[in-house]
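Student: Return atomic coordinates for the entry below.
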Amino acid sequence: MFIEVLFNLPLHTSFTYETNEKDHCEVGFRVMAPIKNRNLTGFVISVSETFEATYQIKKIKRVIDKESLFGQEEIELASWISSLYLCSQGEALSVMIPGGRREIEVPSLGIEDTPSSSGLILSEHQKEAIKSILAHENDLYYLFGVTGSGKTEVFLQTAQKMIEEGKSIIYLVPEISLTHQLAAMVNQRFPDDVAILHSSLTPSQRLKEWRRIRKDEVHLIIGARSAIFAPCKDIGMIIIDEEHENSYKSGSTPRYHARQIAMKRAALHDAVVVMGSATPSLEAWRLMGTGRIKRLDLPNRVSGGSMPAIEIVNISGNPNILSKTLVKGIQEVLAKEKQAILFLNRRGFSYFFHCRTCGYEMHCRDCSVPLTYHKHKHRMVCHYCGYSERPITSCPSCGSVDVGYSGFGTELVEDTVRQTFPQARIGRLDADVTKDKKQLKEILDSFSTGELDILLGTQMVAKGLNFPNVELVGIVLADSGLHLPDFRAQERTFSLLLQVAGRSGRFSDDGKVIIQTYHPENAAIQAAASGELEAFYEEELQMRSQLEFPPMTRLCRLVFRSSQLDKVRKAADTAADIMYGLIDELEYRDVDILGPAEAPIAKISSNYRYQVLVRSADFKRLHKTVGYLSSVYKPEGRVYLEIDFDPVNLL
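Tutor: Presented below is the predicted three-dimensional model:
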């Protein structure tokens, strides 16, 4: 028997092999097969009894699976992903399929029974939203409402109705921390009918869940970005919670966005896509304005709490990390035995090490970024490649001992908070602390049960978490993302501030938010404080229109990287020239090329980086231009090209 096999390689071709006589092999099986002097895992996409060839057909080494992992739908979806994102079909298929060799039981998340929602009274807006979604009046819906307005309950009650009709639901969340909280909510409502695909699972545990879904044993699938590929039989709805989050976009090949895959899968199953956020992406906002996405408003908090009072504090000239206003606010909350969240989007102790005599700055040896001091490790660490070294006591440039740190991260804020409030119980939530997913859950559980008074963290504390006892949110520094060389900097800052602020006062009228900033006049900060979302979005859309940036146009980012600067420059120039030639030949006057230029972060992990941006309001022409380059141009001599359509990061 002969089988057609795809590999997770950047090769736009399949390979034919012969099976061994004793082997049973079907479409959807994985096999171990020889290719280029290596044995690699391949995916079987067709089987035939005969095959005519003018060359020697190799035999596979072994069959990995005893039953199919995927079928024709996954094969066709991989082909579509390959075409859209200009990767190989094998690369597309491999990102969908779990990598485990054998099934291992998935451990319990340790979730206690949660109160039943049977006595829950829905608001009129929630009822209207559920009715509209179930009526399938549109293919795309958006639950647009303030934080705490009951979006999750709309998702779950709609899901329950569809599951009763035999449909399956894919429920996407941007973070594993949200997966845990959501799992707690569905534990009682959908007993034994939930599969949870989170990053703590080993490949073999993920394989176990994958097979349960494929056999139609469960109908509600919860997970982060890759859960969009869950092999459901009959999808009724795909939910994208916190739709604005960048984590829905893959950072490696294929660079897919879960929102685009969701729309494709929903179309194949005649299902609905229901997105939700208090701060929609500008792309989604524009589509709501055109009517392509049906907007469902949830304007009120359902738990009785009102929107928090927000105060901006100018910390220019303030020598302390915590302003007097913020210190007083924390004291008042602790006196009432309530809780506070402190947010700073920068981990580490301090992030800028310099010589006060000559101005020398301590950068990573392999990346063009400053090193960050981590006090608990007593190391200077690069947050891009992981390089670290011990702090220096004298300047390597001029020999001066007048060296020191500037700026601050979550470690330094934690130290300051502990010194200022020695009686308070404090937890920190950032990437350094939560590499151990068990520790992440412990911190969240401790804060949820009131064992901690203050939770300090980075973006993790901003993403959909629900803590009833929180009355104060302090944003230690609102400016950290404002000055990045990215056209989305204002939008992201606004969204992040509004999301963090939404953690406060969800069950009371005493919620308060204090925003510390060096730029109190900034439009994004002012709009977040006033809650004038619609005005901010319309102004931002006007600016994007003038600059011809998304969502008014579409972008493709080409990043060339190499350890040799001259080669990477030449590769970027050559690629741009090829695309200019096609644009002139086809008279694509609405396709622009920006660059080549150094990437904002010009060097990462010893690789120099150049980028070219291709822009057009006509996506077909944009895609054809970049597709032509991909088909005719292959970088020379260890130069690597990354192709990213609709990039969410330009650094």
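Student: What helices and strands are in contact with the helix or strand containing residue 625?
Tutor: For residue 625, the element it lies in under DSSP states H and E is helix 619-632. Packing partners of helix 619-632 (3 or more CB pairs under 8 Å, 6 or more residues apart in numbering; DSSP states H and E): strand 554-562, helix 565-586, strand 591-604, strand 607-616, strand 640-645. The C-beta positions use only the backbone N, C-alpha and C, and glycine is treated the same way.
Student: Does residue 373 belong to a helix, a strand or coil?
Tutor: With DSSP: H, G, I helix; E, B strand; the rest coil as the basis, residue 373 sits in strand.
Student: in the sheet, who's paired with it?
Tutor: Counting by DSSP bridges, residue 373 forms beta bridges with residue 350, residue 380.
Student: returning to what we had before: restrict the helix holding residue 625 to CA atoms and write it as PDB.
Tutor: In PDB, the C-alpha atoms belonging to helix 619-632 read as follows (Å, rounded to 0.1, in the frame of the first residue of the first chain):
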ATOM      1  CA  PHE A 619      -6.000  42.300   0.200                       C
ATOM      2  CA  LYS A 620      -6.100  40.200  -3.000                       C
ATOM      3  CA  ARG A 621      -3.400  42.500  -4.600                       C
ATOM      4  CA  LEU A 622      -1.400  42.600  -1.400                       C
ATOM      5  CA  HIS A 623      -1.500  38.800  -1.100                       C
ATOM      6  CA  LYS A 624      -0.600  38.300  -4.800                       C
ATOM      7  CA  THR A 625       2.400  40.600  -4.400                       C
ATOM      8  CA  VAL A 626       3.800  38.800  -1.400                       C
ATOM      9  CA  GLY A 627       2.800  35.400  -2.800                       C
ATOM     10  CA  TYR A 628       4.800  36.100  -5.900                       C
ATOM     11  CA  LEU A 629       7.800  37.100  -3.900                       C
ATOM     12  CA  SER A 630       7.500  33.900  -1.800                       C
ATOM     13  CA  SER A 631       7.400  31.700  -5.000                       C
ATOM     14  CA  VAL A 632      10.300  33.200  -6.800                       C
END
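Student: thinking again about what came up before, kindly reformat the helices and strands packed on helix 619-632 as a markdown table containing mean neighbour count.
Tutor: Compiled in a markdown table, the helices and strands packed on helix 619-632 are given as follows (neighbours: other CB atoms under 10 Å):
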| stretch | mean neighbour count |
| --- | --- |
| strand 554-562 | 22 |
| helix 565-586 | 17 |
| strand 591-604 | 18 |
| strand 607-616 | 22 |
| strand 640-645 | 19 |
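Student: Please convert these to a markdown table, extending it with mean pLDDT and distance to residue 413.
Tutor: Shown next, in a markdown table, are the helices and strands packed on helix 619-632 (pLDDT from 0 to 100; distance: least, CB to CB, whole Å):
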| stretch | mean pLDDT | distance to residue 413 |
| --- | --- | --- |
| strand 554-562 | 96 | 33 |
| helix 565-586 | 94 | 38 |
| strand 591-604 | 90 | 25 |
| strand 607-616 | 94 | 31 |
| strand 640-645 | 96 | 34 |
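Student: Which among those is found nearest to residue 399?
Tutor: For these, the distance to residue 399 is smallest for strand 591-604, at 26.6 Å, taking CB to CB.
Student: So which residues make contact with the closest one?
Tutor: 366-369, 384-385, 484-486, 548, 559-561, 569, 572-573, 575-576, 579-580, 583, 608-616, 618, 621-622, 625, 650-651 (CB atoms under 8 Å, 6 or more residues apart in numbering).
Student: Also stretch 46-56?
Tutor: Contacts of stretch 46-56 (CB under 8 Å, 6+ apart): 1-4, 16, 18, 25-27, 57.
Student: Got a ChimeraX select line for the buried ones in the residues you listed?
Tutor: Only the buried entries of these go into this ChimeraX selection, using 16 or more other CB atoms under 10 Å:
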select :1,2,3,4,18,25,27
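Student: wait, which of the contacts of stretch 46-56 is closest to residue 491?
Tutor: Comparing the contacts of stretch 46-56 against residue 491 with CB to CB places residue 27 closest, at 44.1 Å.
Student: give the contact list for residue 340.
Tutor: Residue 340 neighbours (CB under 8 Å, 6+ apart): 329-330, 333-334, 453-455, 470-474.
Student: Tell me if I am right that it is in a helix.
Tutor: No. Going by three-state DSSP, the assignment for residue 340 is strand, not a helix.
Student: Check the secondary structure at the nearest residue to it once chain neighbours are set aside for me.
Tutor: Of all residues not flanking residue 340 in the chain, residue 472 sits nearest, at 4.2 Å (CB to CB, 6 or more residues apart in numbering). Here residue 472 is recorded as strand under three-state DSSP.
Student: To what extent is residue 472 buried, counted in neighbours?
Tutor: 26 (other CB atoms under 10 Å).
Student: Not counting sequence-adjacent ones, nearest residue to the spatially most central residue of the chain?
Tutor: Among the residues of the chain, residue 247 comes closest to the average C-alpha position under CA atoms, centre = their mean, at 0.3 Å. With CB to CB, 6+ apart as the criterion, residue 247 has its nearest non-adjacent residue at 4.4 Å, and that residue is residue 174.
Student: Isn't residue 556 up against residue 644?
Tutor: Yes. Residue 556 lies in contact with residue 644 (CB atoms under 8 Å); the separation is 6.8 Å.
Student: one step back: and the contacts of residue 340 as CSV, adding pLDDT and distance to residue 47?
Tutor: Listed next are these as CSV, based on pLDDT from 0 to 100; distance: CB to CB, whole Å:
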residue, pLDDT, distance to residue 47
329, 93, 67
330, 93, 66
333, 92, 65
334, 93, 67
453, 93, 62
454, 92, 60
455, 90, 54
470, 87, 57
471, 88, 63
472, 90, 63
473, 89, 58
474, 90, 61
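Student: Does the residue nearest to the centre of the chain touch residue 224 like I think?
Tutor: Yes. Counting by CB under 8 Å, residue 247 touches residue 224, with 7.0 Å between them.
Student: shared neighbours of those two, anything?
Tutor: Joint contacts of residue 247 and residue 224 (CB under 8 Å, 6+ apart) are 174-175.
Student: tell me which residues of stretch 525-541 are tucked away?
Tutor: Using 16+ other CB under 10 Å as the burial criterion, the residues of stretch 525-541 that qualify are 525-529, 533, 536-537, 540-541.
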